[in-house]
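sequence first, predicted coordinates after that:
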Amino acid sequence: MERITIVGMGLIGTSLGMALKNGGTRAQIVGFDIERGVASKAKKRGGLDIVASNLEEAVEGARLVVLATPIPVMKELLSFLSTRLADGCVVTDVGGTKANVIQWADELLPSNVNFVGGHPMAGSERSGPEAGSEALFRGVLYPICPSTKAHPDATKTVADMVEAIGAKPYFMDPYEHDTYVAGVSHLPFLLSVSLVATTSKSPSWREMHKVAASGYRDISRLASGDPLMHLGVCETNRDNIVHWLDECIKQLYETRNMIKSGEMAKVHQLLVNAQDARARWVAGVEPGAAPMVEVSAKDVMNNMFVGNYVGKKVGSLRSDQQDQTHSQQKTKDQKR
């Protein structure tokens, strides 16, 4: 029987095992975690067939090995595994950054072992096997970044695994991946952390925390994430994260100056543009598909809520795009 080994049985590792078993895989799912009892909890959740007592036992004869550990330990882990993997074994990971991990794999793994980086765009502020869910990856984008040394069959093995857990394979260059996720994943986490750090160290926090409600809870949610996992992300993606932090600081300072100088028309347009951009993203409208919707103060007053106005505009835009696509397809069919 084929064997898939998962190293690290936290939220992602346990969820991966559960999703594979729920997806009907015939492979034997073996798990290992350096913390005693964690893999046993994952097995109880339905994420494993076998709990390995040590790492060497866990990877013995494995066709596919998934590293679901914090990034800081992956280099040492790859070094240890380099002489203990079966010929033709495929190794992948689920880390939040890719360039460094792939570089380590290229340096440390033998030529008869293939490395294909991966990063499921899913997660939770909760951690540990107790938080695992077989539905965690369902419908989410799953970037795949193969090493230049990886055989196409190895890439297909990882892509098949991604599809088996209900996610969508998305092939990316590792440096492109790290640049993008720094803006849409790492920056939001650090903004959440910064908000909590700013407010909680205020002398007023003793009383202020009582009036912190849903808005504060929603934005601060990411700050509950695993510190070790995010430390590894910050360490291995420093330049990209610093770039996006600089851009955000610049935007915050511009916003601060608008408010301080009383330029409420500019503040209003900033709010509308942001709401419009997010509405387009949620609706799945491609950026640049049409000019930004300009909303005047009069429009806002007439509709009372900007969201109602922008929502209608975005809905209309999607409808127009669908009509245009349908028309183009009809023309192609007629030409045939």
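Looks like it arrived, so ask away. Residues are numbered from 1 along each chain as shown.

endpoint to endpoint, stretch 166-185 covers what distance?
Start to finish, the residues bounding stretch 166-185 are 21 Å apart (C-alpha to C-alpha, to the nearest Å).

er, stretch 204-217 I mean
Stretch 204-217 stretches 18 Å from its first residue to its last (C-alpha to C-alpha).

once you drop chain neighbours, what's closest to Val181?
Gly96 (6.5 Å; C-beta to C-beta, 6 or more residues apart in numbering). Quick note: C-beta positions are derived from backbone N, CA and C, even for glycine.

can you pull the contacts of the one you found?
With contact taken as C-beta atoms under 8 Å, 6 or more residues apart in numbering, Gly96 is in contact with 71, 119, 181, 185-186, 229-230, 232-233, 237.

in terms of pLDDT, where does the spatially most central residue of the chain sit?
Using C-alpha atoms, centre = their mean, the residue of the chain that lies closest to the mean C-alpha position is Met121, 2.7 Å off. Met121 is assigned a predicted lDDT (pLDDT) of 95.

just Asp320 next, same as before
As summarised for this prediction, Asp320 has a pLDDT of 55.

the one 3 residues further on too?
Asp323 is assigned 57 on the pLDDT scale.

what of Glu35?
Reported pLDDT at Glu35 in the predicted model: 89.

quick check: it is in a helix.
No. Following the definition DSSP: H, G, I helix; E, B strand; the rest coil, Glu35 is coil and is not counted among the residues of a helix.

coming back round to it: what kind of secondary structure is the residue nearest to Val181 in?
Counting by three-state DSSP, the three-state call for Gly96 is coil.

just checking, Ala58 touches Asp33?
No. The pair Ala58 and Asp33 does not pass the contact test of C-beta atoms under 8 Å, sitting 9.5 Å apart.

common neighbours of the two, please.
Common contacts of Ala58 and Asp33 (C-beta under 8 Å, 6+ apart): Val7.

the residue nearest to the centre of the chain against Pro143, yeah?
Yes. Look at Met121 against Pro143 with C-beta under 8 Å: they come within range, at 7.0 Å.

what segments of the stretch 151-300 of the chain are helices?
Assigned by DSSP state H, counting those that start in this stretch, the helices in the stretch 151-300 of the chain fall at 152-164, 174-181, 187-200, 205-208, 214-220, 227-236, 238-260, 264-283, 297-303.

could you measure from Ile6 over to Thr155?
When C-beta to C-beta, to the nearest Å is the yardstick, Ile6 and Thr155 sit 19 Å from each other.

neighbour count: the two, which is higher?
Comparing Ile6 with Thr155 by neighbour count (other C-beta atoms under 10 Å), the higher total belongs to Ile6, at 30 against 20.

in this protein, what secondary structure element scores lowest on mean pLDDT?
helix 297-303 (a mean of 48; mean pLDDT, DSSP states H and E).

wait, what's in contact with Val113?
82, 85, 87-91.

so which of those residues are in strands?
In strands, defined here by DSSP state E, the members of the contacts of Val113 are 90-91.

which of the contacts of Val113 has the most neighbours?
Taking other C-beta under 10 Å to define a neighbour, the member of the contacts of Val113 with the most is Val91, carrying 28 neighbours.

bridging residues for that one?
Beta bridges link Val91 to Val65, Phe115, judged by DSSP bridges.
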